[in-house]
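Colleague: quick one, fold the following:
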Amino acid sequence: QVQLVESGGGLVQPGGSLRLSCAASGNIVSINAMGWYRQAPGKQRDLVAAITNGGSTNYADSVKGRFTISRDNAKNTVYLQMNSLKPEDTAVYYCNADVKYYSRSYGMRRDDYWGQGTQVTVSS
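Modeller: Down below sits the predicted model:
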């Protein structure tokens, strides 16, 4: 009933910038926290940044001062502006959302959803 679709990944040189977007769609009633995670080859998936529906944010120490998370509640979309990118930022980036939605079969429900992932590669 709910889908998260990410866009904006790609190849960028060290020091460059990228902006990721993640749009949620479906029978959405409201979205609580939204966030971005990343997973490099052979490593676990880690939180990069998160934002509540009130706009409070938190960041991994490794991205503080370089990445900015924001959201447009009217569009059910979360963004990640990534500046001063480093090779160690290379990973698959996943969007996550805590969604309250309406199901015809089960009524009001609340579940955690993930996007399909978008590759970010920082290399010269």
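Colleague: quick check, pLDDT for the nearest residue to residue 109 once chain neighbours are set aside.
Modeller: Closest residue in space to residue 109, ignoring its immediate chain neighbours: residue 103 at 5.2 Å, by Cβ to Cβ, 6 or more residues apart in numbering. C-betas here are computed from N, CA, C, even on glycine. Residue 103 carries a pLDDT value of 88.
Colleague: what of the one 5 residues further on?
Modeller: The score at residue 108 is 90. That number is its pLDDT.
Colleague: what about stretch 6-16, average pLDDT?
Modeller: The model assigns stretch 6-16 a mean pLDDT of 97.
Colleague: quick one: that stretch to chain centroid distance?
Modeller: 14 Å (Cα atoms, centre = their mean, to the nearest Å).
Colleague: give me the three-state assignment for the residue of the chain positioned farthest from its centre.
Modeller: When distances are taken from the C-alpha mean of the chain, residue 105 lies farthest, 28.5 Å away, according to Cα atoms, centre = their mean. Here residue 105 is coil, with the state taken from DSSP: H, G, I helix; E, B strand; the rest coil.
Colleague: ok, it to residue 42 distance?
Modeller: Shown here: residue 105 relative to residue 42, a distance of 39 Å by Cβ to Cβ, to the nearest Å.
Colleague: same check, this time on residue 108
Modeller: Distance, residue 108 to residue 42, by Cβ to Cβ: 40 Å.
Colleague: quick one: which of these two has more around it?
Modeller: residue 108 (10 against 5; other Cβ atoms under 10 Å).
Colleague: wait, doesn't the more buried one sit right on residue 99?
Modeller: No: with contact defined as Cβ atoms under 8 Å, residue 108 does not count as touching residue 99 (11.2 Å).
Colleague: please enumerate the strands of this structure.
Modeller: 2-7, 10-12, 18-26, 28-39, 46-51, 57-59, 67-72, 77-82, 91-103, 107-114, 118-122 (DSSP state E).
Colleague: cool, thanks, signing off.
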